[in-house]
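[1] Make a model of this:
(one chain, ligands or ions: 1)
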Amino acid sequence: MWCSRMALRRLQQVAVTPLNMAGGLTSKVQREMSTLPRVYITRQIPPEGLKILRESGQVQFELWDSDDVPVPRKELLQKVKGVDGLVCVLTEKIDTELLDAAGPNLKVLSTMSVGFDHLSLEELKKRGIRVGYTPDVLTNSVAELTVALLLTTSRRLIEATHEAKTGGWGTWRTLWLCGHELAGSTVGILGLGRIGVAIAERLAPFKVKKFIYADVAPRPELASVINAEYDFLSVCCALTPETKEICNKDLFSKMKNTSIFINTSRGGVVNQEDLYEALSTGQIAGAGLDVTVPEPLPTSHPLFTLKNCVILPHIASASYATRNNMSALAANNLLLGLRGEPMIKELKL
Ligand SMILES: O=C(O)C(=O)CO
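    I've put the predicted structure just below:
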């Protein structure tokens, strides 16, 4: 269960006790605690993960005391000095500068995310730092949200509620607020991983006629999906050098003017200027985005001016159960890594 804000704060105070109260303990306990691996957590992660770390007795940890504001880079560079383990979320860039600041003690990095485009994998590999991440536990939540976003976009729900609320609802009209339906359609899924399959499983009962899958590497395979005559395209691939801005004017120009584009992966896979052009000229019918560049997308961004573009603030995995599971998995990956054991989910570097 999710904790109230107050309860979370209490939990957090308990969690940091080993560091803060060492002075009040017997010298033996103090000695034992000072030998425990030191861990920094870059965010107030959900309670399940904190509980696992606190009850493990295996680490002493400190965390950034907020979920609303990311830890400032300067503070982060200070806090990681000499740590043995680091738990981060997707807003922290784990690059050469940060790894240099952490120093040679750092053995394990555990990110509470399935995406790892915020990590310099090459640097981590070079330094022999093991990396845990959180696939699988968010698949259901992301797939559900993708379906919700697809339907919201294709059936123009945001426009519709706005019209209802602001007096635009006149009489029942024959073509007013018409959208596009899934029944009988062809759906393209770009990124054939766990999430892509889960999205297709959820869309199938809507009587989709045909699915076209494409993985994104090597690039030539993408051509088959680009040329496909799909009505919906759902992007759920990882952001890598190969997939950066893979959704650009070439791709949009091959889509039908009735097509709907959905992205719940990373904003970086899309060229947003090209997407704006495609949406504003009617090249494609609509787009639903859970991810953008940058995040948050400035409220003055041109994409916000378009009625046919639905933008969510990166909430695909945001269910209480999933975020707690992600936090627990990140904690367990960290503890296993620090013990030198195989992690539950470890990135092969
Ligand atoms: O885990 C991730 O990579 C996310 O984007 C969270 O939704």
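[2] For the closest residue to Ala330 other than its chain neighbours, give me its contacts.
    The spatial neighbour of Ala330 that comes closest, neighbours along the chain excluded (C-beta to C-beta, 6 or more residues apart in numbering), is Met112 at 4.0 Å. Using the backbone N, CA and C atoms, a C-beta is placed for each residue, glycine as well. Shown in contact with Met112 (C-beta atoms under 8 Å, 6 or more residues apart in numbering): 43, 45, 49, 87-90, 134, 326-327, 329-330.
[3] Let me see the contact set for Arg38.
    Counting by C-beta under 8 Å, 6+ apart, Arg38 has contacts 59-62, 82-85, 105.
[4] And these, which of them are buried?
    Buried subset of the contacts of Arg38 (neighbour count, 16 or more other C-beta atoms under 10 Å): 59-62, 83-85.
[5] among those residues, which two are most distant?
    Glu62 and Asp84 (12.3 Å; C-beta to C-beta).
[6] which residues are in contact with both of those two?
    38-39.
[7] ok, back up a step: filter the contacts of Met112 down to the ones near the ligand?
    Leu90 (C-beta under 6 Å from any ligand atom).
[8] right, and Thr186 touches Ser234 too?
    No. Using C-beta atoms under 8 Å, Thr186 is not in contact with Ser234, being 11.8 Å away.
[9] what sits against the residue in the stretch 201-349 of the chain that the ligand sits nearest to?
    Of all residues in the stretch 201-349 of the chain, Ser317 sits closest to the ligand, at 3.4 Å by C-beta to the nearest ligand atom. Shown in contact with Ser317 (C-beta under 8 Å, 6+ apart): 114, 138, 141-142, 145, 323, 326.
[10] ok, 6 Å please
    138, 141-142 (C-beta atoms under 6 Å, 6 or more residues apart in numbering).
[11] ok, and the most crowded of those residues?
    Leu138 (26 neighbours; other C-beta atoms under 10 Å).
[12] quick one: the nearest residue to that one once chain neighbours are set aside from Arg73, how far?
    Nearest non-adjacent residue to Leu138, counting by C-beta to C-beta, 6+ apart: Ser317, 4.0 Å away. Plainly put, Ser317 is 24 Å away from Arg73 if you go by C-beta to C-beta, to the nearest Å.
[13] Can you sort out which of the contacts of Ser317 also neighbour the ligand?
    Applying C-beta under 6 Å from any ligand atom to the contacts of Ser317, those adjacent to the ligand are Leu138.
[14] which parts of the stretch 201-349 of the chain sit against the ligand?
    Residues of the stretch 201-349 of the chain lying near the ligand (C-beta under 6 Å from any ligand atom): 316-317.
[15] What ranges does the stretch 201-349 of the chain have for its strands?
    Taking DSSP state E, counting those that start in this stretch as the test, the strands found in the stretch 201-349 of the chain are 210-214, 232-235, 260-263, 286-289, 309-311.
[16] which regions of this structure sit below the pLDDT cut-off?
    1-33, 216-228 (pLDDT under 70).
[17] ranges for the helices of it?
    5-20, 27-35, 47-56, 73-79, 96-102, 121-126, 139-154, 157-166, 194-203, 220-226, 249-253, 272-280, 320-338 (DSSP state H).
[18] tell me the contacts of Thr258?
    Contacts of Thr258 (C-beta under 6 Å, 6+ apart): 180, 285.
[19] okay, now the closest residue in space to Glu201 that isn't next to it in sequence: neighbour count?
    Leaving out its chain neighbours, the residue that sits closest to Glu201 by C-beta to C-beta, 6+ apart is Ala143, at 7.5 Å. Neighbourhood size, Ala143 [other C-beta under 10 Å]: 24.
[20] shouldn't Ala143 be in contact with Val197?
    No. The criterion here is C-beta atoms under 6 Å, and Ala143 misses it with Val197 at 8.6 Å.
[21] who touches both of these two?
    Joint contacts of Ala143 and Val197 (C-beta under 6 Å, 6+ apart) do not exist.
[22] Pull up the residues of the stretch 51-200 of the chain that are close to the ligand.
    So the stretch 51-200 of the chain meets the ligand at 90, 113-115, 138 (C-beta under 6 Å from any ligand atom).
[23] Most neighbours out of the residues you listed, which is it?
    That'd be Leu138 among those, by other C-beta under 10 Å, with 26 neighbours.
[24] ok, it touching Ala321?
    No. Counting by C-beta under 6 Å, Ala321 is not a contact partner of Leu138; they are 9.9 Å apart.
[25] For stretch 181-200, C-alpha coordinates in PDB please.
    Only the C-alpha atoms of stretch 181-200 are listed here, as PDB (Å, rounded to 0.1, in the frame of the first residue of the first chain):
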ATOM      1  CA  GLU A 181     -11.500   3.100 -34.300                       C
ATOM      2  CA  LEU A 182      -9.400   0.100 -33.600                       C
ATOM      3  CA  ALA A 183     -11.800  -2.500 -35.000                       C
ATOM      4  CA  GLY A 184     -10.700  -3.700 -38.400                       C
ATOM      5  CA  SER A 185      -7.500  -1.600 -38.200                       C
ATOM      6  CA  THR A 186      -3.800  -2.400 -38.700                       C
ATOM      7  CA  VAL A 187      -1.600  -1.600 -35.700                       C
ATOM      8  CA  GLY A 188       2.200  -1.200 -36.000                       C
ATOM      9  CA  ILE A 189       4.300  -1.900 -33.000                       C
ATOM     10  CA  LEU A 190       7.800  -0.500 -33.100                       C
ATOM     11  CA  GLY A 191      10.000  -2.300 -30.600                       C
ATOM     12  CA  LEU A 192       9.200  -5.900 -30.200                       C
ATOM     13  CA  GLY A 193      10.000  -6.400 -26.500                       C
ATOM     14  CA  ARG A 194       7.900  -7.400 -23.400                       C
ATOM     15  CA  ILE A 195       6.000  -4.100 -23.600                       C
ATOM     16  CA  GLY A 196       5.300  -4.300 -27.300                       C
ATOM     17  CA  VAL A 197       3.900  -7.800 -26.900                       C
ATOM     18  CA  ALA A 198       1.800  -6.700 -23.900                       C
ATOM     19  CA  ILE A 199       0.300  -3.800 -25.800                       C
ATOM     20  CA  ALA A 200      -0.600  -6.100 -28.700                       C
END
